[in-house]
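Student: okay, sequence plus prediction incoming.
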Amino acid sequence: MSGAGVVLDASAALSWCFEDEWTPSSDVVLEVVRADGAVVPPLWDLEIANVLAGAERRGRISAAHARHLMALLGQLPIEVSEHDHGMSELLAQARTSGLSAYDACYLLTAMTSGLPLATLEIKLREAARAQGVTCLP
């Protein structure tokens with residue numbers, strides 16, 4: 001996405017969906033995404049769907065509420081990155097940073113795009129900063 005403002009990870013996006021996960025930083029990230037857009041790696045949809053499905057199974061949200069949340073997220077200017085980080089690159093980054101391959105994918109997306117990374121994951125924030133990636137908030 002040309003002119004995108006941030007690489008958005010699932011933790012930041014999901015903080016908008018669940019009141020008990022909201023932080024004051026959640027609103028800051030939401031405003032950046034609304035104003036400037038976001039880029040996400042292809043696994044983002046999978047992570048969002050997985051969390052919503054789990055929340056549904058545990059009775060935290062209804063199926064109707066999950067659909068509503070997906071619709072709200074779908075209204076935001078979020079573009080899926082076309083850059084494919086292969087297994088070798090993901091594994092190397094995961095080893096280097098001590099992250100899961102999932103989080104390494106977000107970090108690589110931020111590094112490749114040159115955009116700041118929006119995440120609430122402390123370990124991911126630390127790894128990003130160690131590699132010169134700006135983090136929001």
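Tutor: Cool, the structure landed.
Student: residue 65: which element?
Tutor: Taking DSSP states H and E as the definition, residue 65 sits inside helix 63-74.
Student: dump that helix to PDB, restricted to CA.
Tutor: Listed in PDB are the C-alpha atoms of helix 63-74, where the atom choice follows Å, rounded to 0.1, in the frame of the first residue of the first chain:
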ATOM      1  CA  ALA A  63     -21.100 -15.800  16.100                       C
ATOM      2  CA  ALA A  64     -23.000 -12.600  15.200                       C
ATOM      3  CA  HIS A  65     -20.600 -10.500  17.200                       C
ATOM      4  CA  ALA A  66     -17.600 -12.200  15.400                       C
ATOM      5  CA  ARG A  67     -19.200 -11.300  12.100                       C
ATOM      6  CA  HIS A  68     -19.700  -7.800  13.300                       C
ATOM      7  CA  LEU A  69     -16.000  -7.500  14.300                       C
ATOM      8  CA  MET A  70     -14.900  -8.900  11.000                       C
ATOM      9  CA  ALA A  71     -17.100  -6.400   9.200                       C
ATOM     10  CA  LEU A  72     -15.600  -3.500  11.200                       C
ATOM     11  CA  LEU A  73     -12.100  -4.600  10.600                       C
ATOM     12  CA  GLY A  74     -12.900  -5.000   6.900                       C
END
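Student: and it, what does it pack onto?
Tutor: Judged by 3 or more C-beta pairs under 8 Å, 6 or more residues apart in numbering; DSSP states H and E, helix 63-74 is in contact with helix 43-57. All C-beta spots, glycine's among them, are computed from the backbone N, C-alpha and C.
Student: list the buried residues of the helix it packs on.
Tutor: Buried residues in helix 43-57, counted by 16 or more other C-beta atoms under 10 Å: 43, 44, 47, 48, 51, 52, 55.
Student: residue 69: which of the residues you listed is nearest?
Tutor: Comparing these against residue 69 with C-beta to C-beta places residue 52 closest, at 6.4 Å.
Student: I'd assumed residue 62 was in contact with that closest one.
Tutor: No. Checked against C-beta atoms under 8 Å, the pair residue 52 and residue 62 is beyond contact range at 10.8 Å.
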